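A.B. asks: just to be clear, the model below is a prediction. Sequence and coordinates:
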Amino acid sequence: MSSAEWISAVFSPTGGCEKVASAITQGMAVRRVDLCAPVAAESVSAPLLAVVPVYGGRVPEVALERLRVLKGNGGPAIAVVVYGNRAYEDALLELHTVLTANGYKVIAAAAFIAEHSIVRSIAAGRPHGADADKAAEFGRTVAAKLAEGNLSTVCVPGNMPYRERPQMPVAPLTLDSCRGCGKCARLCPVGAIPANAPHTTDAAKCILCMRCVAICPRRSRLLPPPMLEGMTQRLNMVASEPKQPEIFI
Ligand SMILES: Cc1cc2nc3c(=O)[nH]c(=O)nc-3n(C[C@H](O)[C@H](O)[C@H](O)COP(=O)(O)O)c2cc1C
């Protein structure tokens, strides 16, 4: 591994954050750390790119817990949140604060938009070509800042105390068409689906990340339809107007 290689630490249950991270690091040497699985403790000296989704205007706690395992040593980090075109509220400030407390200098930050992982019609198809171009440009600008040896930190929007973390009212349902292949159990980021009973979900652990719904080969997992309808109506009212990426450098 060359010392210039970035570490790209991404929590991406349904792939939106992954697309943004790949666009930012296009053409660069990166080592990926998958925050959807437990992370081995490490003292990081390379630039750390942290890309996480926004849940209820916050960063999912499990993503922060796994990021905290990657200790900074006064080195640079790039904080990126990805949201489903409603709002990112306190999430970027929360990510910035956790990275700083963990020993990093946050030298750049950004908020990008991806398809809403619960209501897929919101921001459908994003990140689109222009988002990806903006992300790649952001990556090049950060690389140039690093090449100059410029570790000046950035400020990001958000409020403290943060918004309350949203309570997840329900877990996804499983239809009778489930054949128990166990893919959802293997890939659930929080271990909420027992391997020996993959048609069930531990609602106390579930963070409603939608990964099981997105990856089920038989489409046997889904949100309770009344909940999905309610969310679709609410989001159609507040998240229809396309938002644009925001860059802080
Ligand atoms: C539980 C949950 C809460 C969410 N809350 C928000 C939110 O507050 N604002 C927003 O714009 N998008 C919200 N989203 C949408 C995600 O931030 C967005 O779809 C993101 O791209 C998901 O990342 P992923 O595709 O890598 O899983 C939420 C999604 C989920 C699953």
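C.D. replies: That came through fine. Quantities reported herein were computed from a predicted structural model and do not represent experimental measurements.
A.B. asks: what parts of this protein come near the ligand?
C.D. replies: Contacts of the chain with the ligand, taken as C-beta under 6 Å from any ligand atom, map to 12-18, 53-57, 82-87, 114-118, 208-210. Where C-beta positions appear, they are placed from N, C-alpha and C, glycine not excepted.
A.B. asks: domain assignment for the protein?
C.D. replies: Domain assignment of the chain by automatic domain parsing yields the ranges 6-161+244-248, 173-222.
A.B. asks: is residue 33 in a helix, a strand, or coil?
C.D. replies: In the three-state summary, residue 33 is assigned as strand, counting by DSSP: H, G, I helix; E, B strand; the rest coil.
A.B. asks: need the contact list for the spatially closest residue to it that is not a sequence neighbour.
C.D. replies: For residue 33, the nearest residue in space outside its immediate sequence neighbours is residue 9; the separation is 4.1 Å by C-beta to C-beta, 6 or more residues apart in numbering. Contacts were defined as C-beta atoms under 8 Å, 6 or more residues apart in numbering; by that measure residue 9 touches 32-33, 35, 39, 48-51, 66-67, 70.
A.B. asks: how about residue 191?
C.D. replies: Contacts of residue 191 were listed using C-beta under 8 Å, 6+ apart, and they are residue 205.
A.B. asks: heads up, I number from 807, so please use that
C.D. replies: From this message on, residue numbering opens at 807, which makes the last subject residue 997.
A.B. asks: just to be sure, it is in a strand?
C.D. replies: No. Using three-state DSSP, the assignment for residue 997 is coil, not a strand.
A.B. asks: for it, give me phi and psi.
C.D. replies: Backbone torsions of residue 997, given as degrees, to the nearest 10, read phi 60, psi 40.
A.B. asks: which residues of the protein fall in strands?
C.D. replies: Counting by DSSP state E, residue ranges of the strands within the chain are 812-816, 836-840, 848-849, 854-859, 876-877, 882-889, 911-919, 979-980, 1027-1028, 1052-1054.
A.B. asks: how far does the first one sit from the chain's center?
C.D. replies: This means strand 812-816. 12 Å (C-alpha atoms, centre = their mean, to the nearest Å).
A.B. asks: quick one, which of the contacts of residue 815 are buried?
C.D. replies: 839, 841, 845, 854-857, 872-873, 876 (16 or more other C-beta atoms under 10 Å).
A.B. asks: any weak-confidence spans in the protein?
C.D. replies: For the chain, applying pLDDT under 70 flags the ranges 807-810.
A.B. asks: which residues touch the spatially most distant residue from the centre of it?
C.D. replies: Most distant from the centre of the chain: residue 982, at 30.7 Å, with distances by C-alpha atoms, centre = their mean. By C-beta under 8 Å, 6+ apart, the residues touching residue 982 are residue 1026.
A.B. asks: now the end-to-end length of stretch 865-881.
C.D. replies: Across its full length, stretch 865-881 reaches 22 Å end to end, with C-alpha to C-alpha, to the nearest Å as the criterion.
A.B. asks: can you pull out the helices in this protein?
C.D. replies: Under the criterion DSSP state H, the chain carries helices at the ranges 822-830, 867-874, 897-907, 935-953, 989-993, 1017-1021, 1031-1044.
A.B. asks: most packed of the ones you listed?
C.D. replies: Between the helices of the chain, the one whose residues have the most neighbours on average, counting mean count of other C-beta atoms under 10 Å, is helix 822-830 (a mean of 24).
A.B. asks: same for that one, what does it pack against?
C.D. replies: Judged by 3 or more C-beta pairs under 8 Å, 6 or more residues apart in numbering; DSSP states H and E, the packing partners of helix 822-830 are strand 812-816, strand 854-859, strand 882-889, helix 935-953.
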